[in-house]
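Asks: below are the sequence and a predicted model; questions follow.
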Amino acid sequence: DELLEILSQAKDPLAVQPHLKKCFENIDKIQFEDDLAMTAMVSGEGEVVPFTQPLMPRGGVENWMNEVLEEMKRTVSSQIVAACAAYKEPE
């Protein structure tokens, strides 16, 4: 039922927000700007992790949700690399 609801509301990217918890583990919402650019992911605890690059919800919801997934992977990978570099720096 929820998958059908997501697909039926493809014209309104904000309408998928209530379903993100079921699509992505511990992702409460995606941060949207006024122009609908997706700029960050927000965890269930309220932690905001900015994307490495903003995404625009273009095309079918299944397409841009896959783009969100790929950007989540890039962003987390980038954060891990940055954290490892910061950890290795002597004080």
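Replies: Great, that's in hand. Numbering: from 1, shown residues only.
Asks: beta-bridge partners for the most centrally placed residue in the chain, please?
Replies: Centroid check for the chain by C-alpha atoms, centre = their mean gives M41 as the closest residue, at 4.3 Å. Following DSSP bridges, M41 is listed with bridge partners I30, V49.
Asks: and the pLDDT at it?
Replies: Looking at M41, its pLDDT stands at 96.
Asks: now do W64
Replies: Reading off the model, W64 has pLDDT 89.
Asks: correct me if wrong: it contacts E71.
Replies: No - with contacts counted by C-beta atoms under 8 Å, W64 stays clear of E71, the gap being 10.0 Å. Backbone N, C-alpha and C define where each C-beta goes, glycine included.
Asks: return every residue with contacts to both of the two.
Replies: L55 (C-beta atoms under 8 Å, 6 or more residues apart in numbering).
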